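Enquirer: Below are the sequence and a predicted model; questions follow.
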Amino acid sequence: MIEVVYPKSHPENSFAILAKMYIEAMRDLGLEVVEADIEGWSGRPAGSSVLIPFLYKEGRVASSLRGKAGGMDLADSDGISRMAVDIINSAAIFLAVPSQNNKFVYVKSGVRIPVHVWYPYVDPSWASAKPNCDEEFRRGGGLHILYFLLHSGRRKGLDLLAEALKELERMGVNYTLLLRSPSVPSELAGRNVVHVGRWLDKECLKALYLSADVVALPSRGGGFELNAFEALALGVPVVAPRFGPWTEYIPPRLFFQLTAQVAGMERVYEGNPIHVGQGPRVDPKDFAAKLAAAPQIAGEVRRERGWLLERFSKESLKRSIYQTLLLLKAVEE
C-alpha cells in the first residue's frame, strides 16, 4: 500500500495536479493507493508514504516525520539551500523530480539519497479531440500571445514579458495578450489584454491554448512548467529561454526557433529558504522576435507532437515509478 500525501484540498495547486498524475499511474500498475491531504497530516507514514511536495511549508512537515518517507519536489532555481538538503538527506528514502535538470540541481546541491525523474505526461486524447467548451477566448486580430501568471511574478518573468511586449510595439506588431491570471498586474496595464481570471476545466483550458498563436514562457525558474508542455502537445508554439528544464521537451528540430537567447543568470527569488540559486534572464528583444515569428512555424510544431507524446507518455511515467518502487523494496529488504 502506498500513501500519497499532497495538497488534496487545493486541486488547482501544481503539486496536486502532479500528484493526480502519479496516483493514476500507480493505480494503473495495480498498486493500492491511499490519498491523504498534507494539510493537517499527522507526520506518521502509513506503509510506503510519498510526500508531494516533500519540502512543504519550508520543510517543516518533513522535519516532523515519525519515520522516513519518499518524496517528490522540484527546483525553481539552480541551487537548493543547505537547510533543505539536510532535511531531504535525513528524512527522505528517495526523491522524485519532474526533470533531469532538477535532478542535477538536487545532486549538485548535496542530496545523497536516490533522486529519480518522474516526468509529467499528456494523455493522447488531450491532443486529439476538439475541446468541448462554449467560451470564446480569441478576440480581435493580431498575434495572440498566451501567458500564465497564477503566482510568482518574478519567477514567471512578468517584467521580462512586459519588456518584450514593448519591443513588439516598437516593431509595429499588433498583438493581443491572453492572460490567465487572478488579476491584471500593473506591469501589463494599458495593453491589449484579454483577462481570463477564473479556473478553467480541462476542456476550456484546451480551448484557451488553441486560441493562441504562441505561448510565452519567459520564466527565470521552474521545475517543469506544465503549461508550455501542454501547449506543445496541442501543437501550439512556445517560446522559452534557452536554458532550464523546459528545454527537455522542446522538439530538438525546432530548438533554436522556440527558445530565445539568455542575457544572463540572476537570482530567481530573494530570501527564499529553499530555492537559493539563479535562473535565466531571457533577452527581451530576441524573445519578442521569436514570439512574432511563431505563427510561421506552427505547422512544424504540430508535426512534432508525436515526438513529445511518445517521449512523455503515461507508460514512460509508469516505468519510472515502477523502477523507483523496485529499488525502494530492495532497500527495505
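Expert: Cool, the structure landed. Numbers count the residues shown, from 1 in each chain.
Enquirer: mind pulling up the phi and psi values for Phe148?
Expert: According to degrees, to the nearest 10, the main-chain angles of Phe148 amount to phi -100, psi 130.
Enquirer: what pairs with it across the strands?
Expert: Arg180 (DSSP bridges).
Enquirer: can you count the residues close to it?
Expert: Phe148: 21 surrounding residues under other CB atoms under 10 Å. Glycine gets a C-beta too; all of them are placed from N, C-alpha and C.
Enquirer: can you check the one 4 residues further on too?
Expert: Close neighbours of Ser152, defined as other CB under 10 Å, add up to 16.
Enquirer: mind checking how far it is from Ile87?
Expert: 22 Å (CB to CB, to the nearest Å).
Enquirer: Over to Ala288?
Expert: 41 Å.
Enquirer: okay, the two: which has more neighbours?
Expert: The residue with more neighbours, out of Ala288 and Ile87, is Ala288; 25 against 22, by other CB under 10 Å.
Enquirer: helix or strand for that one, which one?
Expert: helix 284-293 (DSSP states H and E).
Enquirer: now swap in Glu3 and tell me
Expert: Going by DSSP H and E, Glu3 is in strand 2-6.
Enquirer: For Val282, give me the backbone phi and psi.
Expert: phi -70, psi 150.
Enquirer: Now the longest helix seen in the chain - C-alpha only, CSV.
Expert: Assignment by DSSP state H gives helix 314-332 as the longest helix of the chain. Output of helix 314-332 as CSV, limited to C-alpha atoms (Å, rounded to 0.1, in the frame of the first residue of the first chain):
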residue,chain,number,x,y,z
LYS,A,314,1.9,7.7,-19.2
GLU,A,315,3.7,4.4,-20.0
SER,A,316,7.0,6.1,-19.6
LEU,A,317,5.9,7.6,-16.2
LYS,A,318,4.7,4.2,-15.1
ARG,A,319,8.1,2.6,-15.9
SER,A,320,9.9,5.3,-13.9
ILE,A,321,7.6,4.9,-10.9
TYR,A,322,7.9,1.1,-11.1
GLN,A,323,11.7,1.3,-11.1
THR,A,324,11.7,3.7,-8.2
LEU,A,325,9.5,1.4,-6.1
LEU,A,326,11.5,-1.7,-7.0
LEU,A,327,14.6,0.0,-5.7
LEU,A,328,12.7,1.1,-2.6
LYS,A,329,11.6,-2.5,-2.0
ALA,A,330,15.2,-3.8,-2.4
VAL,A,331,16.4,-1.2,0.1
GLU,A,332,13.7,-2.2,2.6
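Enquirer: and it, what other elements does it pack with?
Expert: helix 14-28, strand 92-97, strand 115-117 (3 or more CB pairs under 8 Å, 6 or more residues apart in numbering; DSSP states H and E).
Enquirer: need the contact list for Leu234.
Expert: With contact taken as CB atoms under 8 Å, 6 or more residues apart in numbering, Leu234 is in contact with Trp126, Ala127, Lys206, Tyr209, Leu210, Arg305.
Enquirer: now it: how far from Pro124?
Expert: Using CB to CB, Leu234 is found at 11 Å from Pro124.
Enquirer: Go ahead and name everything in contact with the strand or helix carrying Val105.
Expert: Following DSSP H and E, one finds Val105 within helix 100-109. Under the contact criterion CB under 8 Å, 6+ apart, helix 100-109 has outside partners 74-75, 77-81, 84-85, 88, 95, 97, 115-117, 223-224, 244-245, 247-248, 277.
Enquirer: And the buried ones among these, selectable in ChimeraX?
Expert: Typed into ChimeraX, the line below selects the buried ones among those, using 16 or more other CB atoms under 10 Å:
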select :74,75,77,78,79,80,81,84,85,88,95,97,115,116,117,223,224,244,245,247,248,277
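Enquirer: Inside strands: which ones of the contacts of helix 100-109?
Expert: Leu95, Val97, Val115, His116, Val117 (DSSP state E).
Enquirer: Test my guess that the third one contacts Ala92.
Expert: When you say that, I think you mean Val115. No: the pair Val115 / Ala92 is not scored as a contact, 9.6 Å apart, by CB atoms under 8 Å.
Enquirer: Ile297 touches Leu254, doesn't it?
Expert: Yes: using CB under 8 Å, Ile297 is in contact with Leu254, at 6.5 Å.
Enquirer: any low-confidence regions in the stretch 101-250 of the chain?
Expert: In the predicted model, the stretch 101-250 of the chain carries no residue with pLDDT under 70.
Enquirer: so the longest helix of the chain versus helix 14-28, what angle?
Expert: 80 degrees (axes from the mean of the first three to the mean of the last three CA atoms, to 10 degrees).
Enquirer: tilt between helix 314-332 and strand 2-6?
Expert: 110 degrees.
Enquirer: For helix 314-332, the averaged confidence score.
Expert: On average, the pLDDT along helix 314-332 is 83.
Enquirer: rewinding a little: anything in contact with each of Leu234 and Pro124?
Expert: Going by CB under 8 Å, 6+ apart, no residue sits against Leu234 while also sitting against Pro124.
Enquirer: Great, nothing more from me.
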